[in-house]
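Enquirer: just to be clear, the model below is a prediction. Sequence and coordinates:
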Amino acid sequence: MLNSMILALPTWAILTIVLVVVAALIIVMVLVVPINVWFRALASGAHVSMFRLIGMKLRKVDYKSLVNIYIISQKAGLKIPIVELETHLMAGGHIENVVDALIAAHSAKINLDLQQAKAIDLAGRDVVEAVKTSVTPRVIKTNWIDAMCKNGIRVRAMAQVTVRARLDRQIGTADVETILARVGEGIVTAIGKANTHTEIMADPSLISKTILDDRLDRQTAYEILSIDICDVDIGDNLGAKLKIEDAEAKKKISQAAAEERKAQAIALEQEMKAKTQEMKAIVLAAESEVHKAMAQALKSGKFGVMDYYKMQNIVADTNMRNAIGTPKDENKSRDERPNGMPGRPPIN
């Protein structure tokens, strides 16, 4: 029935319908199918199926860059399936670095397969730099490393480390920073073993020999080819400086202990002075009782005035004898008391 309806149409109408369908197909092909990319790959000898390109476009993959890199790999003689590149790109890898590294390894005749290159790239390392370093060794330089010989002299050294990347140890191993740290530790150890600084100055290779014997490149992504001491400098006498600082510290400790003892002695002296004043007060109180008793005896007639004067003469004679036989300092302290003797009543 449909055929009879079509045959019933005029010729111009049938031609119009055919042209519209063809134009629609062309428009769909242009919008959906990347014709230019497909044709470029075909012309470059790196054929990619049309359906795969459509699938890449629907999956929102950067198919243009992917096809370009695929063409480069095929031109370089690498038999890499485009599926592997697309999978690596969707996993977050850098397919351009992987292909460049494989091309460099292939040219240098280094054993590096696709899976290993992809693993190195996904591990976060620069696979291109790793291949270049495996071909051309890299020279890294340490900072100034300070250490002290056994005689107390400080020695400063700087080293150049020549390393080569190991492609089979790029995953799960340490980087250059670890090698630099180990080399610095080795320099400190080697200088510390030297008896004098003149040994290091006479033969700096003693440091590099000691370091190389320790296999500092173990569990790292690099292999140490050589360690060269490029500069050595002599510093100050750290041993003497440390001894001086230790003596100063001990001196300050001794001074602090002496100040503490002095403060304790002053406190004890003040305490003794307070006790002396307390005893003097007790003596004065007792002497006042004596005066009261004497006054009471005078009032009651049991003690006469002549007896009082005789006693005063005896006291004066005793004070005179004491003054003659006592040093000046004691006389001065004695004279500070009333009438030269504690407890003596003033003479009116």
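Expert: That came in fine, so what should we check first?
Enquirer: show me the strands in the stretch 151-300 of the chain, by range?
Expert: Along the stretch 151-300 of the chain, counting by DSSP state E, counting those that start in this stretch, strands occupy 153-165, 222-237.
Enquirer: which residue is nearest the middle of this structure?
Expert: A181 (12.4 Å; CA atoms, centre = their mean).
Enquirer: hang on, the earlier thing: looking at the strands of the stretch 151-300 of the chain, which is buried most?
Expert: Comparing the strands of the stretch 151-300 of the chain by mean neighbour count (mean count of other CB atoms under 10 Å), strand 153-165 ranks first with a mean of 20. Any C-beta I mention is one placed from the backbone N, CA and C, and that applies to glycine too.
Enquirer: for that one, packing partners?
Expert: With contacts defined as 3 or more CB pairs under 8 Å, 6 or more residues apart in numbering; DSSP states H and E, strand 153-165 has these neighbours: helix 127-135, strand 138-141, strand 145-148, helix 176-193, helix 197-202, helix 205-212, strand 222-237, helix 238-300.
Enquirer: output it as PDB - backbone C-alpha positions only.
Expert: The C-alpha coordinates for strand 153-165 follow below in PDB (Å, rounded to 0.1, in the frame of the first residue of the first chain):
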ATOM      1  CA  ILE A 153      86.500  21.800  64.600                       C
ATOM      2  CA  ARG A 154      83.400  22.400  62.500                       C
ATOM      3  CA  VAL A 155      83.700  21.300  58.900                       C
ATOM      4  CA  ARG A 156      81.200  22.300  56.100                       C
ATOM      5  CA  ALA A 157      80.800  20.200  53.000                       C
ATOM      6  CA  MET A 158      78.700  20.300  49.800                       C
ATOM      7  CA  ALA A 159      78.200  17.300  47.500                       C
ATOM      8  CA  GLN A 160      77.000  16.600  44.000                       C
ATOM      9  CA  VAL A 161      75.100  13.400  43.600                       C
ATOM     10  CA  THR A 162      74.700  11.800  40.100                       C
ATOM     11  CA  VAL A 163      71.600   9.600  39.900                       C
ATOM     12  CA  ARG A 164      69.900   7.600  37.200                       C
ATOM     13  CA  ALA A 165      66.200   6.700  37.300                       C
END
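Enquirer: in the stretch 201-348 of the chain, where is pLDDT below threshold?
Expert: Counting by pLDDT under 70, the stretch 201-348 of the chain contains low-confidence ranges at 237-240, 305, 327-348.
Enquirer: tell me the contacts of V99?
Expert: Applying CB atoms under 8 Å, 6 or more residues apart in numbering to V99 gives the contacts I69, I72, S73, A76, L78, I80, L85.
Enquirer: what is the mean pLDDT for the helix or strand V18 falls within?
Expert: When elements are assigned from DSSP states H and E, V18 belongs to helix 11-32. Taken as a whole, helix 11-32 carries a mean pLDDT of 69.
Enquirer: try stretch 48-57
Expert: Mean pLDDT, computed over stretch 48-57, is 83.
Enquirer: now do stretch 89-98
Expert: For stretch 89-98, the mean per-residue pLDDT is 91.
Enquirer: look up phi and psi at the closest residue to L89 other than its chain neighbours.
Expert: The shortest distance from L89 to any non-neighbouring residue, by CB to CB, 6 or more residues apart in numbering, is to I95 (5.1 Å). Geometry field for I95 lists phi and psi as phi -70, psi -30, criterion degrees, to the nearest 10.
Enquirer: what about I95, how many residues nearby?
Expert: Neighbour count for I95, taken as other CB atoms under 10 Å: 23.
Enquirer: and if you look at L298?
Expert: The burial count for L298: 14, using other CB under 10 Å.
Enquirer: tell me, how many residues neighbour the closest residue to A108 other than its chain neighbours?
Expert: Closest residue to A108 apart from its sequence neighbours, by CB to CB, 6+ apart: V135 at 5.0 Å. Neighbours of V135 under the rule other CB under 10 Å: 15.
Enquirer: quick one on the thing from earlier: just to check, the residue nearest to L89 is in contact with I69?
Expert: Yes: between I95 and I69 there is a contact at 5.4 Å, judged by CB atoms under 8 Å.
Enquirer: give the residues shared as contacts by those two.
Expert: The contact lists of I95 and I69 share L85, where a contact means CB under 8 Å, 6+ apart.
Enquirer: looking at the helices and strands packed on strand 153-165, which is closest to L167?
Expert: Of all those, helix 127-135 sits nearest to L167, with 5.8 Å by CB to CB.
Enquirer: now H94. Its backbone dihedrals?
Expert: Dihedral angles (degrees, to the nearest 10) for H94: phi -110, psi 100.
Enquirer: deepest of the helices and strands packed on strand 153-165, which one?
Expert: Of the helices and strands packed on strand 153-165, helix 127-135 is the most buried (mean count of other CB under 10 Å), at a mean of 21.
Enquirer: centre of the chain versus that one, how much separation?
Expert: Computed by CA atoms, centre = their mean, to the nearest Å, the chain-centroid distance of helix 127-135 equals 31 Å.
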